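>>> sequence? don't have it. structure:
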Ligand code: PNS
C-alpha cells in the first residue's frame, strides 16, 4: 500500500497542479494533497478556501484526499503514514530547490522518499503566481485553472482590489 503526499501552497490550484494530481493518483494507492498552512508567506486565499477549491476540483478522484498541514512536511508524513512525497518539476530552474528539499526531508525522515513527476508540456510555464498576476490585471485565466474555480479567483481578486 503506497500512500503519497502531494504538498504545496496551492494559492490557487492550477491546471498544472491538477495534472500532477491526476497522474500521480494513478501510480499510488492513496494520494493526500497536503495544503501548507505555515505562517511565513501571506497567501491570497485562506487555508479553508484553498482546501475547498482543491476538494471541488478533485471530487471525482476516489483515492485523493485533501488535508491541510502546518509545520514540517516530514511530520505530516509521519502523522498520515505516508512514505512518498510527490513534486512536479517544470523546468531545470525548479530542480535545485526541489533536490535540496527532497534531500533535507529524507535526512529528517528516512522513511520518506520524494518522487518527481515531469510537468506536462502544456503546463510547464504555469504557476499560481502567474495566475494571480494575470487575474489582478483582469486577464483571462481560463487556460490556467480548472473551470470550476475561475469565478472564485476573479471574485477574490476583485475584493482584494477594493
Ligand atoms: O507550492 P510550494 O509553495 O512550492 O510548496 C512548498 C512546500 C509546501 C512543499 C514546502 O514549502 C514545504 O514542504 N513546507 C513545509 C515546511 C517543510 O517541511 N520544509 C521543508 C524542509 S526543506
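Received it, and whenever you're ready, just let me know what you need. Computed from a prediction, not measured in an experiment: that's the story for all the values here. Residues are numbered from 1 along each chain as shown.

>>> can you give me the helices in this protein?
Assigned by DSSP state H, the chain shows helices spanning 15-25, 47-57, 73-80, 92-108, 128-136, 150-161.

>>> where does the prediction get shaky in the protein?
Within the chain, not a single segment meets pLDDT under 70.

>>> stretch 75-82 close to the ligand?
No. Stretch 75-82 stays clear of the ligand (C-beta under 6 Å from any ligand atom), getting no nearer than 7.7 Å. Where C-beta positions appear, they are placed from N, C-alpha and C, glycine not excepted.

>>> other residues contacting that stretch?
Residues outside stretch 75-82 that contact it (C-beta atoms under 8 Å, 6 or more residues apart in numbering) are 3-5, 7, 32, 34, 67, 69, 83, 85, 105, 109, 111-112.

>>> identify whichever of the helices of the chain lies nearest to residue 144.
In this view, those are compared for proximity to residue 144 by C-beta to C-beta, and helix 128-136 is the closest at 4.9 Å.

>>> which residues does the nearest residue to residue 54 once chain neighbours are set aside form a beta bridge with?
Nearest non-adjacent residue to residue 54, counting by C-beta to C-beta, 6 or more residues apart in numbering: residue 66, 4.5 Å away. Assessed by DSSP bridges, residue 66 has beta-bridge partners residue 33.

>>> would you turn the helices of the chain into a markdown table with mean neighbour count?
Shown next, in a markdown table, are those (neighbours: other C-beta atoms under 10 Å):
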| stretch | mean neighbour count |
| --- | --- |
| helix 15-25 | 20 |
| helix 47-57 | 19 |
| helix 73-80 | 18 |
| helix 92-108 | 13 |
| helix 128-136 | 17 |
| helix 150-161 | 13 |
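
>>> list the residues that contact the nearest residue to residue 132 once chain neighbours are set aside.
What sits nearest to residue 132 in space, not counting adjacent residues and going by C-beta to C-beta, 6+ apart, is residue 44, at 5.9 Å. In this structure, residue 44 makes contact with 11-12, 132, 156-157, 160, judged by C-beta under 8 Å, 6+ apart.
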